[in-house]
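Peer 1: heads up, no residue letters with this:
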């Protein structure tokens, strides 16, 4: 279990500094504490949050076998207030995973199957003509679409035309829908999990790089191992099915999102993240592989995403300070969809993950 339980959560605090036990062994640059945080977060807040995060992970495991890293990255995306792009072959339980997350959090869940004939109004809603039976007066009323939910699974987003993609991506960015001159706020929290099938590309509309940049994380879902697959077969073909327990509600999720922003990042780590992102740009990079393999590097939003995602991971692991391991663990999900490879890299069968590995090896942590 990677979470710190409720009993051990009390050990997160000492008399002179509020610091995770897990971070005590980290270098001094990673353990610098923000004194202002004591005014925003109490010991009881952190203890309760860590206990509920542990229960949330256990609740999802009642329905989902394995995929621990995927589940953790989804929780990171939710707590960081971002959205996730999930890539994997069909049949790996993506829909069940999001539905289970919604049940555990008592959040409304909806699924949209994207097709080539799907229109923006099918997602955001449309106006319908109604009649007042008392006066006989007719008027238009806005009928909200399926995007008005807290957890939205956008299945095979790349199968719908760009104008429909843009309608969803605008909602993701603004958390509002504008129709006929009126702005409608979306429920909070609002979390979109979009999926792509990496096998079939015929008849698809690949997301432009500018749209991909709106996703906090790009998560790869792989096949389960033999033990996990056997457990899946046994669990899904019997008479009993896993029931997901409700752990928290929307208000508690929003409180956790605010708590994530209170997690501390040292100056050295902030500088390291900045240099990692800047080193991915071939125009300014000193790394030979980047200049050869990358046509376009990551923008400033990549650095923002890496900081927020690292803070969320630290909190999930029971820490109130980000460490190098948080950044290393999330560098690939944050950067892999923000790098545009060159023809040379494609000819050599290089991937964006190969570039990210080079960045992590080449960019040193400030002394």
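Peer 2: Noted; the coordinates are in hand. It should be emphasised that the depicted structure is a prediction, and the values quoted were computed from it without experimental measurement.

Peer 1: wait, residue 46 touches residue 320, no?
Peer 2: Yes - Residue 46 is within contact range of residue 320, at 6.7 Å (criterion: Cβ atoms under 8 Å). Any C-beta I mention is one placed from the backbone N, CA and C, and that applies to glycine too.

Peer 1: show me where the stretch 251-367 of the chain has strands.
Peer 2: Remark: strands assigned in the stretch 251-367 of the chain by DSSP state E, counting those that start in this stretch are 294-296, 340-341.

Peer 1: hmm, I typed the wrong one, I wanted the stretch 1-150 of the chain.
Peer 2: Using DSSP E, counting those that start in this stretch, strands in the stretch 1-150 of the chain cover 84-87, 109-113, 125-131, 138-144.

Peer 1: strands paired with the third one, and their directions?
Peer 2: For strand 125-131, sheet partners with direction are given as strand 138-144 (antiparallel), following DSSP bridges.

Peer 1: below-threshold pLDDT in the stretch 101-250 of the chain: ranges please.
Peer 2: Counting by pLDDT under 70, the stretch 101-250 of the chain shows low-confidence ranges at 200-203, 239-242.

Peer 1: that one: helices as residue ranges?
Peer 2: 120-124, 162-174, 209-212, 226-236, 250-260 (DSSP state H, counting those that start in this stretch).

Peer 1: can you tell which of these is closest to residue 345?
Peer 2: Residue 345 lies closest, by Cβ to Cβ, to one member of those: helix 209-212, at 15.1 Å.

Peer 1: name the helices or strands packed onto that closest one?
Peer 2: The helices and strands touching helix 209-212, judged by 3 or more Cβ pairs under 8 Å, 6 or more residues apart in numbering; DSSP states H and E, are helix 162-174.

Peer 1: how far away from the center of its chain is the helix it packs on?
Peer 2: 17 Å (Cα atoms, centre = their mean, to the nearest Å).

Peer 1: now that helix against strand 109-113, angle please.
Peer 2: 160 degrees (axes from the mean of the first three to the mean of the last three Cα atoms, to 10 degrees).

Peer 1: quick check: residue 359 touching residue 286?
Peer 2: No - with contact defined as Cβ under 8 Å, residue 359 does not count as touching residue 286 (11.4 Å).

Peer 1: figure out which of the helices of the stretch 101-250 of the chain is closest to residue 311.
Peer 2: Across these, closest to residue 311 is helix 250-260 (Cβ to Cβ), at 5.0 Å.

Peer 1: check which residues of the closest one are buried.
Peer 2: 252-253, 256-257, 259-260 (16 or more other Cβ atoms under 10 Å).

Peer 1: ok, now stretch 77-97?
Peer 2: Buried-residue list, stretch 77-97, by 16+ other Cβ under 10 Å: 77-88, 92-95, 97.

Peer 1: repeat that for stretch 277-289.
Peer 2: Buried-residue list, stretch 277-289, by 16+ other Cβ under 10 Å: 277-282, 285, 287, 289.

Peer 1: from these, which shows the smallest pLDDT?
Peer 2: Minimum pLDDT across the buried residues of stretch 277-289 is recorded for residue 285, with 89.

Peer 1: gap between it and residue 279?
Peer 2: To residue 279, residue 285 is 5 Å away according to Cβ to Cβ, to the nearest Å.

Peer 1: so what's residue 100 closest to, chain neighbours aside?
Peer 2: Leaving out its chain neighbours, the residue that sits closest to residue 100 by Cβ to Cβ, 6 or more residues apart in numbering is residue 63, at 4.3 Å.

Peer 1: quick check: the gap between that neighbour and residue 57.
Peer 2: Counting by Cβ to Cβ - residue 63 and residue 57 are separated by 12 Å.

Peer 1: and if you look at residue 328?
Peer 2: Taken as Cβ to Cβ, the span from residue 328 to residue 57 is 21 Å.

Peer 1: and the residue lying farthest from the centre of the chain, backbone torsions?
Peer 2: Here the chain reaches farthest from its C-alpha mean at residue 135, the gap being 49.5 Å by Cα atoms, centre = their mean. Note on residue 135: backbone dihedrals following degrees, to the nearest 10 are phi -110, psi -10.

Peer 1: what residues are up against it?
Peer 2: With Cβ atoms under 8 Å, 6 or more residues apart in numbering as the criterion, no residue contacts residue 135.

Peer 1: regarding this structure, what is its longest helix?
Peer 2: Ordering each helix of the chain by length in residues (DSSP state H) puts helix 43-61 first.

Peer 1: and that helix, which residues are buried?
Peer 2: For helix 43-61, by 16+ other Cβ under 10 Å, it's 46-57, 59-61.

Peer 1: once you drop chain neighbours, what's closest to the residue nearest the centre of the chain?
Peer 2: What sits nearest the mean C-alpha location of the chain, by Cα atoms, centre = their mean, is residue 77, with 2.3 Å. Leaving aside its sequence neighbours, residue 77 sits nearest to residue 84 (Cβ to Cβ, 6+ apart; 4.2 Å).

Peer 1: surely residue 297 and residue 303 touch.
Peer 2: No - taking contacts as Cβ under 8 Å, residue 297 lies outside contact range of residue 303: 11.4 Å.

Peer 1: can you give me the neighbour number for residue 62?
Peer 2: 16 (other Cβ atoms under 10 Å).
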